[in-house]
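**Student:** Sequence unavailable; structure follows:
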C-alpha cells in the first residue's frame, strides 16, 4: 500500500497499523475462542496510572489498566538528537505523566499528586508511533536514536523487528520499511528489496517502530 505524507496522513498511517493488528487479532480469536476469552489480547501493551500525594506521600494505583496496540509519542520540534527512552519516559515524555489534583484517602481531601503512566504488561508486539507532523501539517525532522534492543522500567526486554521511515518534507517525501529477517535487515523501497546494515536502520528517520517482547 502506498502512503503519501500529507496533513493528517500520519494519523492515517497509525490507523492503518491498528487495522492490521485488528485483523490479525480477529483471525487468532476465531481459531482460539476459548483461549481468547481466558487470556484477552495476544499483542499490545497494557498501561495504568500510579499516583503519589505530594503532601503525605501516600501512593495509589489507577485500578483498571487499558490495552492498546502501542504508544503515540508527541515530538518536540526544538532541540537536537533525542533518544527514544527520553521521549517515552523523560520529563514530559509520552509515559512520564505529570501533576494533578485528586482526592487523597489519607489526607481526606483533594491534594496535588504526582502521576505517571506505568506499563503493566506487554504481549507479543508493541508499536511506537513518533508523531512527526505539526498542527499546520509541516514535518518535525528531529533525529531520534533508538536501540535494536530496548528495556522498559520494569525490566521487560524488547527487540526491534520493523521500522517505517519517511524521507523528505511533508509535501514531498517517501515512506520505506525496514524488516528484520534471520538476524539481518531488509529494506523495502518501492518495488525493490535489498539487504542493509543495522547502522543504516538506526540512521533512518523513523516514523513507526515495531518491537517484539523477548521471552
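**Tutor:** Structure received. Note that the structure is predicted; figures quoted are calculated from it, not measured.

**Student:** Could I get the full set of helices for the chain?
**Tutor:** Using DSSP state H, the helices found in the chain span residues 9-31, 33-39, 84-89, 198-203.

**Student:** quick one, longest strand in this protein?
**Tutor:** Counting residues, the longest strand found in the chain (DSSP state E) is strand 109-123.

**Student:** strands paired with that strand, and their directions?
**Tutor:** Partner strands and pairing direction for strand 109-123 (DSSP bridges) are strand 44-53 (antiparallel), strand 98-104 (antiparallel).

**Student:** quick one: that strand to chain centroid distance?
**Tutor:** 18 Å (CA atoms, centre = their mean, to the nearest Å).

**Student:** ditto for stretch 138-154
**Tutor:** For stretch 138-154, the separation from the chain centroid amounts to 9 Å (computed by CA atoms, centre = their mean).

**Student:** before we move on, back to that, kindly compare burial across the strands paired with strand 109-123 and name the winner.
**Tutor:** strand 44-53 (a mean of 19; mean count of other CB atoms under 10 Å). C-betas here are computed from N, CA, C, even on glycine.

**Student:** And the contacts of it?
**Tutor:** Contacts to strand 44-53, defined as CB atoms under 8 Å, 6 or more residues apart in numbering, come from residues 21, 58-71, 95, 97, 100, 102, 104, 106-107, 111-126.

**Student:** Neighbours of the residue lying closest to residue 141 once chain neighbours are set aside, how many?
**Tutor:** Nearest residue to residue 141 in three dimensions, chain neighbours excluded: residue 205, at 6.9 Å (CB to CB, 6 or more residues apart in numbering). Around residue 205 there are 18 other residues, counting by other CB atoms under 10 Å.
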